[in-house]
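Asker: After the sequence you'll find the predicted model.
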Amino acid sequence: SQQGEEDPQALSIQEGENATMNCSYKTSINNLQWYRQNSGRGLVHLILIRSNEREKHSGRLRVTLDTSKKSSSLLITASRAADTASYFCATGNTGFQKLVFGTGTRLLVSP
Amino acid sequence: DVKVTQSSRYLVKRTGEKVFLECVQDMDHENMFWYRQDPGLGLRLIYFSYDVKMKEKGDIPEGYSVSREKKERFSLILESASTNQTSMYLCASRSHQGTGELFFGEGSRLTVL
């Protein structure tokens, strides 16, 4: 069962620009996580935001969570070519968390 | 440095063959997971394990089985491979006491001919 859906499916920007990706989900969550995947590789955890948090920062990453709208956004500021990857949101429920992943946003950052 | 190692990055098998995908983690994590990833479908959970010898079905367990005889190792088994099991398989682990963050292996790309 897919929980999260990312929007847009693909995003193409220039280096230095900001990239914003959105995630919508369907049911109540305990936390929401963002992961990054370089082509053909495994996923790497970026950031986790709990349901009682509204915003979180980590370096050039800023994540927001709106539980009333069941949505989250990931902002990458001052993007670099090395940020080119697919980005996935994943939601965890209470109790044992089987993370449920969205379909991802493919980000292309051109030099 | 924490590590999840998947035994094979690329495999090519024939329809009907039995396939073993091995995953080993060195972080003493209780929880381990197998996902498959297909274009347009994202990651889908096949099986997971709370702890040694414990296993639970995920969202798409049909055609798969798993084994967790030791804490560090979680194996995915395709009893009789079929072409629709051609996919990228991703193993992940997580501490039972952790934040919920998953640590992933590099993936195993399986092609069934």
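Answerer: Sure, I can see it. Everything numeric in this text was worked out from a predicted model, so none of it was measured.
Asker: how much space between B:Ser73 and chain A?
Answerer: Ser isn't right for residue B:73; it's Arg. Distance, B:Arg73 to chain A, using CB to the nearest CB, to the nearest Å: 17 Å. (Glycine included, C-beta is placed from N, CA and C.)
Asker: try B:Ile60
Answerer: Distance of B:Ile60 to chain A, given as CB to the nearest CB: 10 Å.
Asker: Where does pLDDT dip in the chain?
Answerer: I went with chain A, as the question did not name one. For chain A, the stretches with pLDDT under 70 are A:1-4, A:94-96.
Asker: nope, chain B
Answerer: Across chain B, the ranges flagged by pLDDT under 70 are B:1-2, B:97-99.
Asker: Who does the residue nearest the centre of it form a beta bridge with?
Answerer: Nearest to the geometric centre of chain B sits B:Trp34, at 3.0 Å (CA atoms, centre = their mean). Beta-bridge pairing for B:Trp34 (DSSP bridges): B:Tyr47, B:Cys91.
Asker: pretty sure it contacts B:Tyr89?
Answerer: Yes: counting by CB atoms under 8 Å, B:Trp34 touches B:Tyr89, with 6.6 Å between them.
Asker: shared neighbours of the two, anything?
Answerer: Residues touching both B:Trp34 and B:Tyr89 (CB atoms under 8 Å, 6 or more residues apart in numbering or on different chains): B:Leu21, B:Ile46, B:Leu76.
Asker: Save those residues as TSV, and put in distance to chain A too.
Answerer: Output for the shared contacts of B:Trp34 and B:Tyr89, formatted as TSV (distance: CB to the nearest CB, whole Å):
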residue	distance to chain A
B:Leu21	14
B:Ile46	11
B:Leu76	15
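Asker: Output those in CSV; the columns should cover neighbour count.
Answerer: Output for these, formatted as CSV (neighbours: other CB atoms under 10 Å in any protein chain shown):
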residue, neighbour count
B:Leu21, 22
B:Ile46, 23
B:Leu76, 23
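Asker: got the contact list for A:Ser51?
Answerer: A:Ser28, A:Ile29, A:Asn30, A:Asn31, A:Leu32, A:Leu65, A:Thr67.
Asker: Which of those fall in strands?
Answerer: A:Asn31, A:Leu32, A:Leu65 (DSSP state E).
Asker: Specify which member of those residues is nearest to A:Ser110.
Answerer: Proximity of the ones in strands among the contacts of A:Ser51 to A:Ser110 was ranked by CB to CB; the top entry is A:Leu32 with 28.8 Å.
Asker: Could you give the number of residues near the closest one?
Answerer: 29 (other CB atoms under 10 Å in any protein chain shown).
Asker: Name the residues of chain B found near chain A, please.
Answerer: Applying CB under 8 Å from any CB of the partner chain, one finds that chain B approaches chain A through B:4, B:33, B:35, B:40-45, B:48, B:50, B:58-59, B:90, B:92, B:99-107, B:109.
Asker: Spatially nearest residue to A:Asp83, not counting backbone neighbours?
Answerer: Nearest residue to A:Asp83, sequence neighbours excluded (CB to CB, 6 or more residues apart in numbering or on different chains): A:Val109, at 5.0 Å.
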